[in-house]
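> Show me how the following folds:
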Amino acid sequence: MPLLFVAVGQNGYRIASQDGVDWKNLQIGKEGETYRAVAFGLGRFVAVGSYGGDNIYAASSDGVAWETGKKEAKYSKYIRGLGFDGRQFLGVGGDPGSVGASGPFVVTSPDGKTWSDYISVSGKAILRRLAFGKGVVVGVGDRGRRAVSNDGGTTWIDAPGTKPIDTLADITFGAVDSAGNGRFVGVGLHGLRMQSQDGLTWSAPERGNEGEHLNSVVWTGEKFTAIGAGATYFSLDGIEWKREPNLNAPLTACFGGGLFVGTQWKGRLLVSTDALAWKEVHKADEHFEAIAFGSLA
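Residues are numbered from 1 along each chain as shown. Below is the predicted model of the structure:
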C-alpha cells in the first residue's frame, strides 16, 4: 500500500510526501485560514481549523485533491484537536480563554466531509489531544484535564485529582506486549511523562530537566517515543524510560514507514530515523501546525 505523510497549517497550507523527504502538491487557502489538526482514517486525511468565525474542513484521499467546507463556529466553538477512533473522526474544542467556563464540545464525522452538530460535553477545561485504545477515547487538555469516553465522545468521565502542573501536551496509545495489552502515555512540560491503562488512573508524574518540554509522543509499534526540546525519551512499556539528547527536534511529530517526521517553526519539515538527529527537508513560507501519516488503500 502507498504511504503518505500530510502536513497542514497556516494560510490553508496542505502538503504531502510519500517518503517524508520529498514534499509536493502544496495547497494554499485564504490568508488567515489555519488548519490546526490533521488525522488519517478510512483511506483519507482530514484536516480541521478555522477562518474568521467558522471552522473549516478539508479531506483528501491522495494529498493532491482536497474537498473543503466550513461550519459556523460563532467565534467560540473552534475545533482544537482531531482524531480517528476506527469508525469516525472526532473533533474536540471550546474556548480556552474562559477558565471554568470553556464550553467544551465534540463534533463527529463519518467521512471528514459531513459533520454533526456541536455536542456540548462536561468539564471545566477543553480537551486538545486524543488517543484511542481498548475501546475507549482518552483526551487530555487544559489545566491538567484527563478524561475518558466509552461512547465515541458524547459523554466523558474525568480522571480524579488532576493538577494544572501536570498538564499533558500530547497522548498516544500503544500495545506493549504480544497479548495486546495496551497503555496510554501522555507527555508535557519539563520532561513530564505519565501512563495509564484505562485513562482514569494515572501514574505519578515523572519529570526530566527544566525546559525540556515534550511536545509529541508516538507509538512506533515497538516503543513509545517522546520528543522534546533537547531530549527524546524512549520506553518499551511506558514505565521505564531512557533519555537521550536530540538535535533540532520538531514541535510536533508523527511516525510511519520507519521514519519520524515533524514540523518546526517556521514552515520547516524535518525527518529522522531515530528521533534524535533531525534533518530539514522542506522550508515553506508559512508554519505547519500539524502532521499525520497514513497507509492508503
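
> for the stretch 101-250 of the chain, what spans make up the strands?
Here the stretch 101-250 of the chain has its strands, by DSSP state E, counting those that start in this stretch, at 105-109, 119-120, 127-133, 136-141, 146-149, 157-158, 168-175, 182-188, 193-196, 214-219, 224-228, 231-235, 242-245.

> can you put these in TSV and add mean neighbour count, mean pLDDT and distance to F40?
C-beta here means a position set from N, CA and C on the backbone, and glycine is covered the same way. Compiled in TSV, the strands of the stretch 101-250 of the chain are given as follows (neighbours: other Cβ atoms under 10 Å; pLDDT from 0 to 100; distance: least, Cβ to Cβ, whole Å):
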stretch	mean neighbour count	mean pLDDT	distance to F40
strand 105-109	22	97	13
strand 119-120	12	94	23
strand 127-133	23	96	12
strand 136-141	26	97	16
strand 146-149	22	98	20
strand 157-158	15	97	27
strand 168-175	23	96	14
strand 182-188	26	97	19
strand 193-196	21	98	24
strand 214-219	24	97	13
strand 224-228	27	98	18
strand 231-235	21	98	23
strand 242-245	12	97	28
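
> mind putting the ones you listed in CSV, distance to Q10 included?
Conversion of the strands of the stretch 101-250 of the chain to CSV gives the following (distance: least, Cβ to Cβ, whole Å):
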stretch, distance to Q10
strand 105-109, 22
strand 119-120, 28
strand 127-133, 18
strand 136-141, 22
strand 146-149, 29
strand 157-158, 32
strand 168-175, 20
strand 182-188, 24
strand 193-196, 30
strand 214-219, 18
strand 224-228, 22
strand 231-235, 26
strand 242-245, 30
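
> I'd like to know which of those is closest to L26.
strand 214-219 (23.0 Å; Cβ to Cβ).

> now what about the closest one, what contacts it?
Strand 214-219 has contacts (Cβ atoms under 8 Å, 6 or more residues apart in numbering) with 169-175, 185-189, 191-193, 208, 224-229, 233, 250-255, 260, 262.

> Using CSV, write down the CA coordinates of it.
Output in CSV follows, covering the C-alpha atoms of strand 214-219 (Å, rounded to 0.1, in the frame of the first residue of the first chain):
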residue,chain,number,x,y,z
LEU,A,214,8.0,17.1,25.4
ASN,A,215,5.6,18.2,22.7
SER,A,216,4.9,14.9,20.9
VAL,A,217,4.6,11.2,21.8
VAL,A,218,4.2,8.4,19.3
TRP,A,219,4.0,4.6,19.5
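
> That one to strand 231-235, inter-axis angle?
Using axes from the mean of the first three to the mean of the last three Cα atoms, to 10 degrees, the direction of strand 214-219 lies 30 degrees away from that of strand 231-235.

> Just give the strands next to strand 214-219 in its sheet, each with its orientation.
Applying DSSP bridges, strand 214-219 is found paired with strand 224-228 (antiparallel).

> check contacts around F132.
Shown in contact with F132 (Cβ under 8 Å, 6+ apart): G83, F84, D85, G86, V138, F173.

> will you turn these into a markdown table that also has distance to T201?
Output for the contacts of F132, formatted as a markdown table (distance: Cβ to Cβ, whole Å):
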| residue | distance to T201 |
| --- | --- |
| G83 | 22 |
| F84 | 25 |
| D85 | 21 |
| G86 | 24 |
| V138 | 12 |
| F173 | 15 |
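
> mind showing which ranges of this protein have poor pLDDT?
The model of the chain has pLDDT under 70 over residues 1, 98-100, 178-180, 297.

> Centre-most residue in it?
R129 (5.4 Å; Cα atoms, centre = their mean).

> if I read this right, that one contacts I171, doesn't it?
Yes: counting by Cβ atoms under 8 Å, R129 touches I171, with 5.1 Å between them.

> which neighbours do the two share?
G139, V140.

> what's the first-to-last distance across stretch 51-62?
Length of stretch 51-62, first residue to last, Cα to Cα, to the nearest Å: 24 Å.

> Which positions in that stretch come out as buried?
Buried positions in stretch 51-62, judged by neighbour count with 16 or more other Cβ atoms under 10 Å: Y51, D54, N55, I56, Y57, A58, A59, S60, S61.

> if I pick the residue nearest to the first one when sequence neighbours are not counted, what's in contact with it?
In this structure, Y51 finds its nearest non-sequential neighbour in E33, 4.4 Å apart by Cβ to Cβ, 6 or more residues apart in numbering. If you count contacts by Cβ under 8 Å, 6+ apart, E33 has them with Q10, N11, G12, G49, S50, Y51, I56.
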